[in-house]
Every structure is written in structure tokens, then in C-alpha cells.
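1. fold the following for me, if possible:
(3 chains)
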Amino acid sequence: MAMTLAQLAHQLGVELRGDGSLTVFGVAPLNEARAGEISFLANPKYRRWLADTRASAVVLAEAEAGNAATAVLVSDNPYATYARAVRLLYPEPGPRHGVHPAAVIAPGACIDPSAWVDAGCVIETDACIEAGAQLGPGCIIGAGVSIGEGSRLIARVTVIAAAQIGRRSVLHPGVVIGSDGFGMASVDHHWEKVPQIGTVRIGDDVEIGANTTVDRGALGATVIESGVKIDNQVQVAHNVFIGAHSAIAGCVGISGSTRIGRHCTLAGGVGVVGHLEIADHVHITGMSMVTHSISRAGSYSAGTPLMENRQWRRNAVRIKQLDSLVRRLNEIEKDK
Amino acid sequence: MAMTLAQLAHQLGVELRGDGSLTVFGVAPLNEARAGEISFLANPKYRRWLADTRASAVVLAEAEAGNAATAVLVSDNPYATYARAVRLLYPEPGPRHGVHPAAVIAPGACIDPSAWVDAGCVIETDACIEAGAQLGPGCIIGAGVSIGEGSRLIARVTVIAAAQIGRRSVLHPGVVIGSDGFGMASVDHHWEKVPQIGTVRIGDDVEIGANTTVDRGALGATVIESGVKIDNQVQVAHNVFIGAHSAIAGCVGISGSTRIGRHCTLAGGVGVVGHLEIADHVHITGMSMVTHSISRAGSYSAGTPLMENRQWRRNAVRIKQLDSLVRRLNEIEKDK
Amino acid sequence: MAMTLAQLAHQLGVELRGDGSLTVFGVAPLNEARAGEISFLANPKYRRWLADTRASAVVLAEAEAGNAATAVLVSDNPYATYARAVRLLYPEPGPRHGVHPAAVIAPGACIDPSAWVDAGCVIETDACIEAGAQLGPGCIIGAGVSIGEGSRLIARVTVIAAAQIGRRSVLHPGVVIGSDGFGMASVDHHWEKVPQIGTVRIGDDVEIGANTTVDRGALGATVIESGVKIDNQVQVAHNVFIGAHSAIAGCVGISGSTRIGRHCTLAGGVGVVGHLEIADHVHITGMSMVTHSISRAGSYSAGTPLMENRQWRRNAVRIKQLDSLVRRLNEIEKDK
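-> Next up, the predicted model:
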């Protein structure tokens, strides 16, 4: 989609400084952009590319505008403005509707005429695919599941256990919603399965990354509120609650019955043990394990710094001696 | 399924204290239960809800019985009794049998007439689906694979490499059994693949969670003994052995040729390096890395505690100085 | 496939010491091999089995040859020689060609007549399956994707976003290539999706393990160079670059825009934060988090050693006091 810089600035609602008659048709990183493409500067790490970029215009903050040799689109939030520019310059194909002949639809499934169900999908009885929902190839929708208006299941998504997916949510390939949680009772030295009879409720505008799994509640529901964004390969156990607008990065694991507040962020590889309560606006840095409830907003961390292996070997062994070190130090201080 | 409390207590084999003529039809958490539902108290965290619950009866231990205002079902193992109550009140639908017309069955595959193969399944030659096995939609069963009596593959499970699955085992969506292990030899600065020609043997009453992967042996078999329970997103490498009745929580990774004993538990996010031997009754706490064999039963841990990020920054940098700290302390003690 | 030891040694190009007329037909571990099978010794851990093996011959290094009671095949690189012996003794079935009637091929997809597309595959428009490529059951190939000559998608692989896969690469079940990256801008206390419009370029002779995910670039491409080997359940975020011949073990997560050099190894469970540059020949030990760029080849580590839980509890709490310990020590030294 081509438009002039003036048109683009107008539609984005930002100030243009430069030649509004230039035509632009795409976006690219600062160091790869060519004439006709726009770029953006949001991460100061890439400022070094600003002077030499061949982009037709750059989206940036007021404070950076003086450093650019190109036309600029000045924004309070350059990254968000860039995101909107991408949507304008690369409009998504319109939704499809109908059912591919190679999909399998059980009697009793209801599929809105404006929804699309692609080849290889299997839709079971009493499932409901709402208006405009888009199911890519190979999705499996179990009995009683509901996929809300305009939600998109990209490909090979499995939703079972009568889960309810809200509106405009996006589920990426390999996602599993509604699998059994890990519930078992110890009886006479073996494990007896605790039947998992709950469900999953996912809000509006939720995004769930490739191969992420969300278990059904043991009883009641696992809940992901509206606006939550979850990356790839995340594990959400039974009866977890994730508050609105929280963001969960890749490879995170959240154990059963834990409640994550609103506007939280969990960085990559974080683990959260079960039955905890995490307050709103809590941020956990990468690969930390959260072992207790957190009642105060803030940033929390665990873990050890990366070292050269030789240095690490010398230091790591000392961790086993820490308690005795403290006792020796106490002894010395007493003797002073 | 509705029954009286007296009937329920009788079928569970536990003592009822209260009005046996009450009718119950479901289960719910203590704080959500309504009349006609039973609940349970197994985790003392939830004791605070006991006094006010509106459940018709609560399954609990003798020691808690005095605190309840409702009828009680007294059990030595409330969680296991609750699990059985769920099975009674929510009986599973009877097994289906036959082959969905949208399944693809290769010549030479054998499917017991009492087994069920759902839409979108692909069953390859010489695969064997035993009596009563239930294959949900989209499962792929490779050549020579055997699925034992009464086992259930919920949906979109892949089993290849002539793997053998025992009886009454449950495999959740996205599970992959029999993928190639990570075997390669370094030759002239590149990697040469080591062909993986082994298989996988899984016992009876095993449960394997969503998107978990179990590689085939390089040679011989990867073995998961009977009664093992594995959660979601676990990686089991080639030639791993997991002893009977061990439980592996979500996001665990077990490297090649490691042998885990019986009745072990690995908590979420644990990593185990390759070629180790872990004794029976070993318990590893969450996100620990196991780098050496463990010959003694017990509980083992690694990792650092969660702190506020500011506090963590101050302390973590000191870990790099630990060895020199010890040397300084030694020096001071020598001088005393 | 049976052959004499003399034939095998000749084809492997290694020295045989022993009776070349013996017939061999298979391979097995040292402790399980029977007459007619060959074995190998590459890991010194298994040397104890050398004296008693019943293998017909053992592949090993010159230094070990004296310890064997059997015929030996002497190699500078026993593991690589073993790998080649497996390929000779277990030749892969020849490639199939054609399209299974239960595959769904969109108009405009191009499938080379020598390629194979199995049941349940869905190939979308403008996808290109090159000569000899082998697609197992249930693969989904999106619009504009190209699968190079001789590459193999074992089963249920999803490739979208116009990704380009090179020649002779192998993708295992559950792999997702081309899913959206985790890109979003914070706007007024909610997250706004940043459209992901890039692609994925994967080189020749790459292997990608079961349930691994590789996101498309936000802009431009996520790149995996030739000869890279990736294990199961690895997460490769948008715009990551992995240099040729690097090896990434299971459960690793690599965050967006990070550049991994050539000939690197990341052990199991490693996490790498985004926007870093890792030099060639860098090796990261298991479960370490990499938080800064690494400009020098070498081995790097983080993490704490495994301890008995009781010992760990005493020591771990002291990590929170490390900074104050150092200050106390400074004080004492000052007073000396």
C-alpha cells in the first residue's frame, strides 16, 4: 500500500517535518531501509544508524529529531506509532468466510456464516465459532468450546474442555488450551489421577504464542483476562489467574492456582510456584524463580551473573560454604 | 450424576458425619460450593474457607472435622477421597469404537474393533491400536507403533519410531513420542548426524502432559516405567530411563542416557544433565540443575532466592567475588 | 543390511584389527551387543563394559585398542565412525514421491514430482516443495513457503510466513517456523500489537527438534545458518541470527534480535536476553542466563551448585546478605 508522507502523518496523527509529497510503501530497519520505506528509532542502541539511514522518513521522539538527516515523524511513543504505520502500509487481507471442504464439522457445532474454518480442522459438537473468527488449517475445537468474534487461530491450535475464547484474540500454531492439569493424589506409593473437570476462560485481545499450553481448571476455571499477551512455549497450569494487560515472555512456567496481578511482566524463563498471589504491577526479571507471594508492586530478581567458566567454578563452590563463612565472620567480629 | 451423601460415603468407604439423606450432584472449591455440591480440604492454606462454606459436605481429615459447620466425610487421605468422589459424580462418557471416516488408515495397520480412531488421525502400516484405546482427532501413529489397551490420546498426539505405549496411559495434545534424539558427532568443524535407530517403551498408567516430547533411543530404548506422571512441556531425551511412579512437573528437561529412579519427584523447571544415575526416592526442588549422580534418597536444591531487584543487583555482583572473599577471610583468621 | 567386517572397515575407511570375515548386521551399546553387532567406545564412562562386550567388533580410538577382547575398528573419531557405520548398516528407506490423496494442495502450490506429501498435509498457495523433499503426515505449509531439495519434515510440522527452508534440513514433529514474534508497544496502560511482517531463512543441513519454535522477523528475517543443530523445545525469537554450525540443546530460549556466532554451543536450558552479540566459538553451560554480549570465544557459566535441601536452605538465605558481608569484611580489614 503506497501513500504520501503527508497522508501517513495525517492518519497517524503525528507531526511531519520534511517533504510531505514523498511516496512511501513499506517499513524497514534503519540500516536496511531504502527510499520509499520508513523506519523508526525506539531503542537508543540503534541511534548510530540514524545519521546514515536511507529511509524516506523516520518515526522518532522529539529529542531525537535533530539527529536525523531525513524527514521525521515526531511521536511521543515512536514504537506504537511505528506499529500503526505498519498496519496502514501492510493492511491485512480481509477475513475469509465459509468452511473448507476438507474440514470436519460435527452435527451440533455452530459456525457463524462470517467465520472461516480451513482445511483439516475438526470442530466437535456444541462448539461455537462466532462471527468473523478465522480458523487456519488443522485446528481442533472440542465439544462446547466457544471462539469469540474476530478471534484468529493461525494453524494447528487445539482448544478443548469447553474453553471460552473472547473476541479478537490470537492463538498461534501449536497452542493447546484446556489440557488436563497435573493433579494426582499419592495413595499407597502410587499416584492416583485427580479428574480435571474445570475449564478455561480467555478474555478479549489476548495473544498466545506458539506451543504455549494452558491447562483447564481442576475445578472452576483457569482465567486469562483481557489484554494479556503470552509468548511462545509458556506453561500455564490449572486454575492459574492472569490479570488484565500482563505480559508473559517465552518459556515461563506458572504453577497451579497461582494468581498473577494486572499489568505484571514476567521475563523469559521465569518460574512461579503454585498457590501464590502476585500483586498488580509486579515485574520479574529473566529466569527468576518466584517462591513466595508478592504483595508490593516493583521489580524482583533472582539468579547469578554469567562468568567465564573457570571463574565460575572457583566461585560457585563457595556458595556451599556461605553459611559457615558468615559464622566465621561473626566469630571474628566478636573477638575484635 | 446425583446421589445421597449416604450413598456417596458408602461408595467411597469413608465415614459420614451429618445428614445422609442430602442429595449431592457435584464438587466445587470450598469458597465457591453451593448446596448440592461437596468440597474438600487438603491444603491447610484453604482452612479459612471451611467455616463459611455452603457445600453440602466437606471431605477432610479427622483433625479438621471439628472445624466444619457442614456434614463431613472423614478420610485418611482427603485429596484421594475427593478424587474418587469426582469420578463417581462425573462419570466419564463410555468409550467410543470404530474409525471416523475422515481418518486415514494405512493397509497393514491393525485397529481393534473396540478402539476408537477420530477424524484427522493418520495410522501407518503395522501400527496396532489395542482394545478400547481412544484416539482423539488429529493423532499420527507411525509404522510399527503400538497403543495399549484402554490408553487415551486426547488429540493431535504424534507417536512414531515403533514406540510401544502400555495400557490405560493418557497422552495429552501436542505430545511427541519417538522424535530423533540430539545426537551428532563433530567432524572437521561441522556436525554429522548420528542416526537415531532406537525406540520408546512407555508402561501402564502413565500420563504425559501437553506438548511434552520423548525422544527415541539412539540405540535401544527410552523407557518410562508404569505409573510415571509427566506434566506439560517436559523434554525427555534419548535413552533416558524414568523409574516407576516418579512424577515430573512442567518444563523439566532430562538429558540423554540419564536414569531417574522410582518414586522420584522433579519439580517444575528442573534440568538434569546427561549420563547420570539418580537413586529412588530423590526429590529435586524447582528450577534446580542436577549436574552429578545422586546415590542417596532425599531432597536436593539449587538456586538463589528472589529479592527486590535493587537488593539483588548489590548481592549478585558479590557472587563473582566469593572466592576472593574466602581468601581474605582465611588471611584474617591466620593473623589472629 | 549384513556385510563382513572387512567390507565395513573398507567402506568406513578405518583400520580393522581382527577377523575380517565375520558378518555384522547391526549396532548396539557395549553392554547389550550380541554376536553380529558392532559397538563403539566414545565416552570413557563406558570403558568398563569393553572387556566383557559380546559385540563382534568395537569402534574405538587407538589408545583404547589394547583393552578390547574383540575385533576393533580403529578411528581418530570413533563417534563419527560409529555414526557412519549406522548409516551403512541401517540404510534409510528410499524417498517416496507423489501426493497422498488425503493431502490438501491449494491451487498455485508447486510440488516437485520427486517430492512426497503425506496424508493430512495442507499446502497453501505459492508454496514450493522442491525435488526430493519429504513431508510426513499432518504438515502445514503456508503461502509462499519454500522447502528445499531433500529436506524432511517428519510429521505435523508447521511452516508459515513465507519461510525459506534450505536443502537436506530435517524438521521434527511439532516444530513451528514463522509464528509471530512477541512484539507489542505499551500505549495507555495496555499493549498494542506490533505487526510482525518479516520471515525466516533456514540454511542447508539444519536440524530442528520436536516442538521447537522459530518466530518470523518483526521486519527482515530470523536467520538460522547452514549446519546449525537445534534440539527439542527451543524458542528462537524474532530476528535472532544463529551462525553456521552452532548447536543449541533442549529447552534453550533466545530472545529477540540476538546474534549467536558460528560454532557456538548452548547447553540445555540456557536463556539469552535480547539484542546481544555472541562471538564465534562461545560455549554456555547448562541453565545459565546470558545477560550481556560476549566478544571473546570461551566457556561461560552461571548458576549455583546442587546441595541437599537442608544445606541449601542455610546457604541460600546468606546470598541476600552477601553485600553486607563484604562491607563487614572491608571494615575488619581496615581495622587491622
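
2. give me the most central residue, chain A.
-> Central residue of chain A (Cα atoms, centre = their mean): A:Ile230, 2.6 Å from the mean position.

3. and that residue, how far from B:Leu41?
-> Distance of A:Ile230 to B:Leu41, computed by Cβ to Cβ, to the nearest Å: 32 Å. Heads up, the C-betas are built off the backbone N, CA and C, glycines and all.

4. can you give me the neighbour number for A:Ala51?
-> Each residue near A:Ala51 was counted by other Cβ atoms under 10 Å in any protein chain shown, and the total is 11.

5. shouldn't it be in contact with A:Asn67?
-> Yes. Look at A:Ala51 against A:Asn67 with Cβ atoms under 8 Å: they come within range, at 6.8 Å.

6. sheet partners, orientation included, of the host helix or strand of A:His283?
-> Element membership of A:His283, judged by DSSP states H and E, is strand A:282-284. Partners of strand A:282-284 in the sheet, by DSSP bridges, are strand A:265-266 (parallel), strand A:298-301 (parallel).

7. make TSV from those and add mean neighbour count and mean pLDDT to it.
-> What follows is the strands paired with strand A:282-284, written out as TSV (neighbours: other Cβ atoms under 10 Å in any protein chain shown; pLDDT from 0 to 100):
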stretch	mean neighbour count	mean pLDDT
strand A:265-266	24	98
strand A:298-301	18	98
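
8. can I get those strands in CSV with distance to B:Asp280?
-> Shown next, in CSV, are those (distance: least, Cβ to Cβ, whole Å):
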stretch, distance to B:Asp280
strand A:265-266, 35
strand A:298-301, 36
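
9. between those strands, which one is closest to B:Thr258.
-> strand A:265-266 (28.8 Å; Cβ to Cβ).

10. close to chain B, is the next helix or strand after the closest one?
-> Scanning forward in sequence from strand A:265-266 by DSSP H and E, the next helix or strand is strand A:271-272. Yes. Applying Cβ under 8 Å from any Cβ of the partner chain, one finds strand A:271-272 touching chain B at A:Gly271.

11. any part of whatever helix or strand comes next after strand A:271-272 near chain B?
-> For strand A:271-272, the following helix or strand on the C-terminal side (DSSP H and E) is strand A:277-278. No. Shown here: strand A:277-278 not in contact with chain B (Cβ under 8 Å from any Cβ), separated by at least 10.7 Å.

12. so where is chain A shaky, pLDDT-wise?
-> Along chain A, the model assigns pLDDT under 70 to no residue.

13. before we move on, back to that, now what about the strand holding A:His283, what contacts it?
-> With contacts defined as Cβ atoms under 8 Å, 6 or more residues apart in numbering or on different chains, strand A:282-284 is touched by A:260-261, A:264-267, A:270, A:272, A:290, A:294, A:296-301, B:306, B:309.

14. so how far is chain C from the residue nearest to the centre of chain A?
-> According to Cβ to the nearest Cβ, to the nearest Å, A:Ile230 and chain C sit 9 Å apart.

15. per-domain residue ranges of chain A.
-> For chain A, the structural domains run A:3-89, A:157-300, A:309-336, going by automatic domain parsing.

16. wait, what's in contact with A:Asn315?
-> A:Met307, B:Ile319, B:Lys320, B:Gln321, B:Leu322, B:Asp323.

17. any idea how far the fifth one is from chain A?
-> Distance from B:Leu322 to chain A, counting by Cβ to the nearest Cβ: 4 Å.

18. give me the neighbour count for the closest residue to that residue other than its chain neighbours.
-> The spatially closest residue to B:Leu322, leaving aside those adjacent along the chain, is A:Arg318, at 3.9 Å (Cβ to Cβ, 6 or more residues apart in numbering or on different chains). A:Arg318 has 19 neighbours, counted by other Cβ under 10 Å.

19. for A:Arg167, same thing?
-> A:Arg167 has 18 nearby residues by other Cβ under 10 Å.

20. same deal with A:Gly66?
-> Neighbours around A:Gly66, by other Cβ under 10 Å: 8.

21. how far away is it from C:Phe241?
-> To C:Phe241, A:Gly66 is 32 Å away according to Cβ to Cβ.

22. likewise A:Val194?
-> In terms of Cβ to Cβ, A:Val194 sits 45 Å off from C:Phe241.

23. picking up where we left off before, deepest of the domains of chain A, which one?
-> Mean neighbour count (mean count of other Cβ atoms under 10 Å in any protein chain shown) peaks for domain A:157-300 among the domains of chain A, with a mean of 23.
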